[in-house]
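Colleague: how would this look folded up:
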Amino acid sequence: MAIYDPIAAAYRESKQLPFRSVIETHTLFALLGDIRGLRLLDLACGEGFYTRKLKRAGASEVIGVDISSAMIRLAREQEERRPLGCRYVCADAGRFRPQGRVDLIVAMYLFHYAGTRENLLRFCRRCREALPPGGRVVGFLDNVNRPPDGIRGRGDFKKYGFEKRCEPPRRDGPREGDGIRYRFTNPGGESFEFANGYFRPETYRSTFAAAGFPGFTWEGVRLHPDEQGNPFWDDFLAAPPMIAFSAR
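Modeller: Numbers count the residues shown, from 1 in each chain. Predicted structure coming up:
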(Lines give C-alpha, C1' and ligand atoms only; values in the text may rest on other atoms or scores of the structure.)
Protein backbone atom coordinates (compact mmCIF):
# COMPACT_ATOMS: atom_id res chain seq x y z
CA MET A 1 0.00 0.00 0.00
CA ALA A 2 1.36 3.44 -0.92
CA ILE A 3 2.02 5.64 2.11
CA TYR A 4 -0.49 8.22 0.89
CA ASP A 5 -3.39 5.78 0.53
CA PRO A 6 -4.63 6.16 4.16
CA ILE A 7 -4.24 9.96 4.14
CA ALA A 8 -5.39 10.75 0.59
CA ALA A 9 -8.49 12.71 1.57
CA ALA A 10 -6.69 14.63 4.33
CA TYR A 11 -3.80 15.47 2.03
CA ARG A 12 -6.26 16.77 -0.56
CA GLU A 13 -7.68 19.14 2.07
CA SER A 14 -4.18 20.42 2.88
CA LYS A 15 -4.16 22.04 -0.56
CA GLN A 16 -6.47 24.67 0.96
CA LEU A 17 -3.77 25.95 3.32
CA PRO A 18 -2.84 29.52 2.28
CA PHE A 19 0.85 28.83 1.55
CA ARG A 20 -0.20 26.45 -1.24
CA SER A 21 -1.57 29.28 -3.34
CA VAL A 22 0.45 32.37 -2.42
CA ILE A 23 3.86 30.64 -2.39
CA GLU A 24 3.75 27.13 -3.86
CA THR A 25 1.42 27.69 -6.82
CA HIS A 26 2.74 31.18 -7.51
CA THR A 27 6.36 29.95 -7.60
CA LEU A 28 5.60 26.93 -9.76
CA PHE A 29 3.76 28.83 -12.48
CA ALA A 30 6.32 31.63 -12.48
CA LEU A 31 8.96 29.03 -13.29
CA LEU A 32 6.86 27.19 -15.86
CA GLY A 33 6.11 30.23 -17.98
CA ASP A 34 3.70 29.93 -20.89
CA ILE A 35 2.55 26.30 -21.19
CA ARG A 36 -0.26 26.84 -23.69
CA GLY A 37 -0.37 24.03 -26.24
CA LEU A 38 2.25 21.91 -24.48
CA ARG A 39 2.03 18.23 -23.56
CA LEU A 40 2.84 17.80 -19.86
CA LEU A 41 3.56 14.98 -17.46
CA ASP A 42 2.62 15.57 -13.82
CA LEU A 43 4.59 13.06 -11.74
CA ALA A 44 3.46 12.41 -8.15
CA CYS A 45 0.22 14.14 -9.13
CA GLY A 46 -1.66 13.11 -5.98
CA GLU A 47 -5.35 13.83 -6.35
CA GLY A 48 -4.74 16.02 -9.38
CA PHE A 49 -4.49 19.43 -7.74
CA TYR A 50 -1.77 20.68 -10.08
CA THR A 51 -2.80 18.47 -12.99
CA ARG A 52 -6.03 20.43 -13.21
CA LYS A 53 -4.28 23.78 -12.79
CA LEU A 54 -1.88 22.90 -15.61
CA LYS A 55 -4.74 21.99 -17.91
CA ARG A 56 -6.64 25.18 -17.07
CA ALA A 57 -3.46 27.15 -17.85
CA GLY A 58 -3.69 25.98 -21.44
CA ALA A 59 -1.69 22.74 -21.68
CA SER A 60 -2.95 20.65 -24.59
CA GLU A 61 -2.58 17.41 -22.63
CA VAL A 62 -1.69 16.61 -19.03
CA ILE A 63 -1.03 13.09 -17.79
CA GLY A 64 -1.05 12.69 -14.01
CA VAL A 65 0.90 9.77 -12.52
CA ASP A 66 0.89 8.64 -8.91
CA ILE A 67 1.69 5.39 -7.11
CA SER A 68 -1.21 5.85 -4.67
CA SER A 69 -4.41 4.20 -5.92
CA ALA A 70 -6.42 6.24 -3.41
CA MET A 71 -5.02 9.49 -4.78
CA ILE A 72 -5.68 8.45 -8.37
CA ARG A 73 -9.23 7.49 -7.46
CA LEU A 74 -9.84 10.98 -6.03
CA ALA A 75 -8.31 12.54 -9.15
CA ARG A 76 -10.51 10.53 -11.48
CA GLU A 77 -13.60 11.34 -9.43
CA GLN A 78 -12.84 15.04 -9.81
CA GLU A 79 -12.34 14.58 -13.56
CA GLU A 80 -15.72 12.86 -13.81
CA ARG A 81 -17.44 15.69 -11.92
CA ARG A 82 -15.72 18.51 -13.82
CA PRO A 83 -14.19 17.14 -17.02
CA LEU A 84 -11.07 18.95 -18.19
CA GLY A 85 -9.50 16.24 -20.30
CA CYS A 86 -6.86 15.21 -17.74
CA ARG A 87 -5.70 11.59 -17.79
CA TYR A 88 -4.58 9.78 -14.66
CA VAL A 89 -2.40 6.69 -14.35
CA CYS A 90 -1.68 4.71 -11.17
CA ALA A 91 1.99 3.78 -11.55
CA ASP A 92 5.46 4.10 -10.05
CA ALA A 93 6.82 7.38 -11.41
CA GLY A 94 10.25 5.81 -11.63
CA ARG A 95 9.01 3.15 -14.04
CA PHE A 96 6.29 4.94 -16.01
CA ARG A 97 6.89 5.56 -19.71
CA PRO A 98 4.41 7.81 -21.56
CA GLN A 99 3.49 7.07 -25.14
CA GLY A 100 5.61 9.57 -27.02
CA ARG A 101 7.61 12.40 -25.56
CA VAL A 102 6.22 15.24 -23.47
CA ASP A 103 7.28 18.88 -23.62
CA LEU A 104 7.64 19.46 -19.89
CA ILE A 105 7.55 17.47 -16.63
CA VAL A 106 6.18 18.77 -13.34
CA ALA A 107 7.28 16.86 -10.24
CA MET A 108 5.88 18.23 -7.00
CA TYR A 109 7.52 16.55 -3.99
CA LEU A 110 8.52 13.40 -5.89
CA PHE A 111 12.28 12.87 -5.83
CA HIS A 112 12.77 12.80 -2.06
CA TYR A 113 10.76 9.55 -2.06
CA ALA A 114 13.39 7.73 -4.15
CA GLY A 115 14.92 6.24 -1.00
CA THR A 116 18.32 5.44 -2.52
CA ARG A 117 20.68 7.13 -4.95
CA GLU A 118 20.10 4.26 -7.37
CA ASN A 119 16.35 4.87 -7.34
CA LEU A 120 16.88 8.61 -7.62
CA LEU A 121 18.95 8.02 -10.75
CA ARG A 122 16.21 5.75 -12.12
CA PHE A 123 13.60 8.49 -11.55
CA CYS A 124 15.79 11.06 -13.29
CA ARG A 125 16.52 8.77 -16.24
CA ARG A 126 12.82 8.10 -16.79
CA CYS A 127 12.27 11.85 -16.95
CA ARG A 128 15.11 12.28 -19.45
CA GLU A 129 13.69 9.54 -21.68
CA ALA A 130 10.31 11.26 -21.74
CA LEU A 131 11.64 14.68 -22.80
CA PRO A 132 13.07 16.12 -26.02
CA PRO A 133 16.54 17.70 -26.04
CA GLY A 134 16.41 20.85 -23.93
CA GLY A 135 13.31 19.65 -22.05
CA ARG A 136 12.77 20.62 -18.42
CA VAL A 137 11.68 19.10 -15.14
CA VAL A 138 10.27 21.67 -12.71
CA GLY A 139 9.01 20.98 -9.22
CA PHE A 140 9.37 21.25 -5.46
CA LEU A 141 11.33 19.37 -2.80
CA ASP A 142 12.03 19.67 0.88
CA ASN A 143 14.47 22.53 1.26
CA VAL A 144 17.62 20.44 1.58
CA ASN A 145 19.67 23.64 1.74
CA ARG A 146 17.97 24.43 5.05
CA PRO A 147 17.01 21.07 6.61
CA PRO A 148 15.51 20.75 10.11
CA ASP A 149 18.17 21.82 12.56
CA GLY A 150 18.96 18.89 14.83
CA ILE A 151 16.78 18.45 17.90
CA ARG A 152 14.90 21.75 17.76
CA GLY A 153 13.90 21.74 14.11
CA ARG A 154 14.15 24.90 12.04
CA GLY A 155 11.70 27.74 11.64
CA ASP A 156 8.23 28.30 13.02
CA PHE A 157 5.80 26.75 10.53
CA LYS A 158 2.93 25.74 12.80
CA LYS A 159 0.95 28.85 11.91
CA TYR A 160 1.20 27.84 8.24
CA GLY A 161 -0.42 24.48 8.96
CA PHE A 162 2.51 22.10 9.41
CA GLU A 163 5.58 21.11 11.41
CA LYS A 164 8.67 19.18 10.29
CA ARG A 165 11.48 17.34 12.03
CA CYS A 166 14.35 14.93 11.40
CA GLU A 167 14.06 11.19 11.98
CA PRO A 168 16.14 10.33 13.92
CA PRO A 169 16.79 13.71 15.56
CA ARG A 170 20.46 14.67 15.27
CA ARG A 171 22.18 17.69 16.76
CA ASP A 172 24.19 18.17 13.58
CA GLY A 173 21.17 17.89 11.24
CA PRO A 174 20.10 15.01 8.99
CA ARG A 175 22.39 12.56 7.25
CA GLU A 176 21.68 11.14 3.83
CA GLY A 177 19.02 8.46 4.14
CA ASP A 178 17.40 9.98 7.24
CA GLY A 179 13.70 10.79 7.24
CA ILE A 180 12.01 14.19 7.24
CA ARG A 181 8.64 13.91 8.96
CA TYR A 182 5.79 16.35 8.39
CA ARG A 183 2.72 16.81 10.53
CA PHE A 184 -0.01 18.80 8.78
CA THR A 185 -3.09 20.33 10.40
CA ASN A 186 -5.80 21.23 7.91
CA PRO A 187 -8.04 24.30 8.14
CA GLY A 188 -10.77 22.10 9.65
CA GLY A 189 -8.45 20.86 12.40
CA GLU A 190 -7.72 17.37 11.05
CA SER A 191 -4.07 16.31 11.41
CA PHE A 192 -2.02 13.73 9.53
CA GLU A 193 1.64 12.79 9.15
CA PHE A 194 4.01 11.44 6.53
CA ALA A 195 7.76 11.17 6.04
CA ASN A 196 10.11 11.37 3.09
CA GLY A 197 13.87 10.94 2.73
CA TYR A 198 16.82 13.32 2.88
CA PHE A 199 19.42 13.66 0.11
CA ARG A 200 22.22 16.22 0.24
CA PRO A 201 21.97 19.12 -2.25
CA GLU A 202 25.00 17.89 -4.20
CA THR A 203 23.40 14.44 -4.53
CA TYR A 204 20.49 15.93 -6.43
CA ARG A 205 22.77 17.98 -8.67
CA SER A 206 25.15 15.13 -9.51
CA THR A 207 22.38 12.56 -10.02
CA PHE A 208 20.42 14.78 -12.37
CA ALA A 209 23.64 15.47 -14.28
CA ALA A 210 24.38 11.75 -14.55
CA ALA A 211 20.89 11.18 -15.97
CA GLY A 212 21.34 13.83 -18.68
CA PHE A 213 20.32 17.06 -16.95
CA PRO A 214 23.50 19.17 -16.70
CA GLY A 215 21.44 22.27 -15.99
CA PHE A 216 20.13 21.84 -12.44
CA THR A 217 19.28 24.91 -10.37
CA TRP A 218 17.64 25.62 -7.04
CA GLU A 219 14.98 28.26 -7.62
CA GLY A 220 13.90 29.21 -4.10
CA VAL A 221 10.32 30.31 -3.48
CA ARG A 222 8.39 33.44 -4.37
CA LEU A 223 5.57 35.22 -2.59
CA HIS A 224 2.57 36.37 -4.57
CA PRO A 225 2.62 40.15 -5.14
CA ASP A 226 -0.72 40.52 -3.37
CA GLU A 227 0.94 39.30 -0.14
CA GLN A 228 4.10 41.38 -0.36
CA GLY A 229 4.66 43.27 2.91
CA ASN A 230 2.45 40.93 4.94
CA PRO A 231 4.50 40.05 8.07
CA PHE A 232 2.62 36.75 8.41
CA TRP A 233 4.96 35.25 5.81
CA ASP A 234 8.22 36.48 7.34
CA ASP A 235 9.06 33.23 9.15
CA PHE A 236 8.30 31.14 6.08
CA LEU A 237 10.50 33.27 3.82
CA ALA A 238 13.31 33.56 6.38
CA ALA A 239 13.88 29.78 6.33
CA PRO A 240 11.74 28.28 3.57
CA PRO A 241 10.79 24.68 4.40
CA MET A 242 10.33 23.80 0.71
CA ILE A 243 12.31 24.77 -2.37
CA ALA A 244 11.65 24.83 -6.09
CA PHE A 245 14.08 23.43 -8.63
CA SER A 246 14.50 23.29 -12.38
CA ALA A 247 16.49 20.71 -14.36
CA ARG A 248 17.22 21.01 -18.08
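
Colleague: rest of the way, CA atoms for contacts and neighbours
Modeller: Fine.

Colleague: which stretches of the protein form helices?
Modeller: 8-14, 18-19, 26-32, 49-56, 69-81, 117-130, 201-210, 234-238 (DSSP state H).

Colleague: need those in JSON lines with mean neighbour count, can you?
Modeller: Converted to JSON lines, those look like this (neighbours: other CA atoms under 10 Å):
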{"stretch": "helix 8-14", "mean neighbour count": "18"}
{"stretch": "helix 18-19", "mean neighbour count": "16"}
{"stretch": "helix 26-32", "mean neighbour count": "18"}
{"stretch": "helix 49-56", "mean neighbour count": "20"}
{"stretch": "helix 69-81", "mean neighbour count": "18"}
{"stretch": "helix 117-130", "mean neighbour count": "20"}
{"stretch": "helix 201-210", "mean neighbour count": "17"}
{"stretch": "helix 234-238", "mean neighbour count": "15"}
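
Colleague: In a markdown table, list those along with distance to residue 228 and mean pLDDT.
Modeller: Shown next, in a markdown table, are the helices of the chain (distance: least, CA to CA, whole Å; pLDDT from 0 to 100):
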| stretch | distance to residue 228 | mean pLDDT |
| --- | --- | --- |
| helix 8-14 | 23 | 96 |
| helix 18-19 | 13 | 98 |
| helix 26-32 | 13 | 98 |
| helix 49-56 | 23 | 98 |
| helix 69-81 | 33 | 98 |
| helix 117-130 | 35 | 97 |
| helix 201-210 | 29 | 98 |
| helix 234-238 | 10 | 95 |
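
Colleague: helices or strands next to the least confident helix or strand in the chain by mean pLDDT in the packing?
Modeller: Across the helices and strands of the chain, mean confidence by mean pLDDT, DSSP states H and E is lowest for strand 162-167: a mean of 92. Judged by 3 or more CA pairs under 8 Å, 6 or more residues apart in numbering; DSSP states H and E, the packing partners of strand 162-167 are strand 179-185.

Colleague: Indicate each strand paired with the strand it packs on and its parallel or antiparallel sense.
Modeller: strand 162-167 (antiparallel), strand 191-197 (antiparallel) (DSSP bridges).

Colleague: Can you lay out those as TSV showing mean neighbour count?
Modeller: Listed next are the strands paired with strand 179-185 as TSV, based on neighbours: other CA under 10 Å:
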stretch	mean neighbour count
strand 162-167	22
strand 191-197	17
